[in-house]
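> For reference, the sequence and a predicted model appear below.
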Amino acid sequence: MDDEAETYKLWRIRKTIMQLSHDRGYLVTQDELDQTLEQFKEMFGDKPSEKRPARSDLIVLVAHNDDPTDQMFVFFPDEPKIGIKTIKTYCTRMQEENIHRAIVVVQAGMTPSAKQSLVDMAPKYILEQFLESELLTNITEHELVPEHVVMTPEEKQELLARYKLKENMLMRIQAGDPVARYFGLKRGQVVKIIRLSETAGRYISYRLI
């Protein structure tokens, strides 16, 4: 891929990561959300073939709006397929900075041992894997994907009480669902899905992870 196409791709991926972080409740400035391709080039360079930028330069650290101690790293490894050594490097950095959640954006996936290490580190350290190809567009902006709103624990309890429901009576959404992964949803969380229908107007449903 030539430098221009590669730079465009990296800009798109990082922009989606900023939107994803914002949608998860992390503090992201409007300037970061609106960053143009030209601004990206000024900040990071436009010669990826010469490591300007190297993927590792694109690292992101965000803090949550509700709790500034709740922080999340986003790592962009340089190697196409990452192994356990890279995961250990990231984990060491997370330990040093007392950060327990991270996203790893990979070009071509992870080795089986690296994947297993993610499982072994949970729940103390949560590392989520996304492929670059999954982040070239923001799935929540797709016209066929209805609006998803993540409910707070209080809103969830209110919903169950209002309709006299038990949690297991709610319809399920899989943790591996692309939208569930975008929001980083955990088992037990509830998402409100708002669909627009020509006949019913707004149609609201609820799904449990």
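The structure has been received and is ready for your questions. Residues are numbered from 1 along each chain as shown.
> C-alpha from now on. contacts and neighbour counts both.
Will do.
> got the buried residues for stretch 189-197?
189-195 (16 or more other CA atoms under 10 Å).
> So which residues of this protein form helices?
3-23, 30-33, 37-44, 84-97, 112-121, 153-162, 178-183 (DSSP state H).
> So what touches the fourth one?
Same thing as helix 84-97. 75, 77, 100, 111, 113-114, 117, 125 (CA atoms under 8 Å, 6 or more residues apart in numbering).
> export the helices of the chain to a markdown table and tack on mean pLDDT?
Shown next, in a markdown table, are these (pLDDT from 0 to 100):
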| stretch | mean pLDDT |
| --- | --- |
| helix 3-23 | 98 |
| helix 30-33 | 97 |
| helix 37-44 | 98 |
| helix 84-97 | 96 |
| helix 112-121 | 95 |
| helix 153-162 | 97 |
| helix 178-183 | 97 |
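> so of the ones you listed, which one's packed in deepest?
helix 3-23 (a mean of 19; mean count of other CA atoms under 10 Å).
> Quick one: list the elements packing against that one.
helix 30-33, helix 37-44, helix 178-183 (3 or more CA pairs under 8 Å, 6 or more residues apart in numbering; DSSP states H and E).
> Please compute how far that helix lies from its chain's middle.
12 Å (CA atoms, centre = their mean, to the nearest Å).
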